[in-house]
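In: Here is my input; please provide its structure:
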Amino acid sequence: MTHSILEARGIRKKFFDPVEVEILRGLDLSIQAGEFVSIMGKSGCGKSTLLYVLSTMDTQYEGDLLLAGQSLKGLKAAELARIRNQHIGFVFQFHYLLPEFSVLRNVMLPALKLGLKSKEEIEHDAMEKLRLLDVDEQALKRATQISGGQKQRVAIARALINNPDIIMGDEPTGNLDSKNAQRVFDIFREITQTQQQSLLIVTHDTDFAQKTDRIIEMADGMIIS
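Out: Coordinates of the predicted model:
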């Protein structure tokens, strides 16, 4: 039996520069455990803004956000950072790997920051994630020495290292060719099926979205379907 991992209630957000504009207009949504959901809509409709609110990276909003039934409203920045690191994995359109570190170290960093396991355990887990994404042979290379498709798979491994309840992505295949985009989709699908982790992905790629479990369509700061 599935249960709700993430729930948004009446989410509203405004921008005030240069004039007041309401970007999100009272959104409600729920993501279930193991569900693979995509968010689509025209540029400027609020989908990326919504994703950043749901990920707790943006806290300037009205409404309530619940993660595994726990309200996140009113929590301090340090507590939100801990919750985000432990329970939410995020994959950006650009990989944001640290060039001075090896592939392995890049994947280890969020777990080292969380500090729940020894360095040896974290290294073992990181190699397992790299193996899952078929980039384990690149582990000791610097991030600058691997291809674009490999970098994005390493970024996904990094998002997975703390075994989060939900993984969010903002156009994670936007910079990839069709072969690598399909590969990333297949990895995401395997994660939902084998790990029961949820996925919430903002995308402009209709082919990608149509293969997910559900499409949330947005327009003018509202969910329309």
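In: What ranges does this structure have for its helices?
Out: 47-54, 77-87, 103-114, 119-132, 148-160, 178-195, 206-210 (DSSP state H).
In: burial of residue 20, as a residue count?
Out: For residue 20, the count of nearby residues is 8 (other C-beta atoms under 10 Å). No exception for glycine: its C-beta is placed from N, CA and C like everyone else's.
In: An error on my part: the question was meant for residue 160.
Out: There are 25 residues near residue 160, going by other C-beta under 10 Å.
In: could we number from 22 for the rest of this?
Out: Renumbered: residue one is now 22, and that last one reads residue 181.
In: Quick check: the gap between it and residue 24.
Out: Here residue 181 is placed at a distance of 21 Å from residue 24 (C-beta to C-beta, to the nearest Å).
In: now residue 226
Out: Using C-beta to C-beta, residue 226 is found at 29 Å from residue 24.
In: out of the two, which sits in the busier spot?
Out: With neighbours defined as other C-beta under 10 Å, residue 226 and residue 24 compare such that residue 226 has more, 19 against 10.
In: Now the more buried one: closest residue in space that isn't a chain neighbour?
Out: In space, and not counting its chain neighbours, residue 226 is closest to residue 194: 6.2 Å by C-beta to C-beta, 6 or more residues apart in numbering.
In: Check residue 200 too.
Out: Using C-beta to C-beta, 6+ apart, the nearest residue to residue 200 is residue 170, at 7.8 Å.
In: I figured the residue nearest to residue 226 hits residue 208, correct?
Out: No. Judged on C-beta atoms under 8 Å, residue 194 makes no contact with residue 208 at a distance of 10.7 Å.
In: the more surrounded of those two?
Out: Neighbours per residue (other C-beta under 10 Å) separate residue 194 from residue 208, with residue 194 holding more: 25 against 16.
In: Look up how far residue 77 lies from the more buried one.
Out: 23 Å.
In: Residue 52 too?
Out: Computed as C-beta to C-beta, the residue 52 to residue 77 distance reads 14 Å.
In: same deal with residue 238?
Out: Residue 238 is 24 Å from residue 77, by C-beta to C-beta.
In: which of these two has more neighbours?
Out: Of the pair residue 238 and residue 77, residue 77 is the one with more neighbours under other C-beta under 10 Å, namely 20 against 16.
In: contacting residues around the more buried one?
Out: Counting by C-beta atoms under 8 Å, 6 or more residues apart in numbering, residue 77 touches 86, 93, 101, 104-105, 109.
In: backbone phi and psi for it, please?
Out: According to degrees, to the nearest 10, the main-chain angles of residue 77 amount to phi 70, psi 10.
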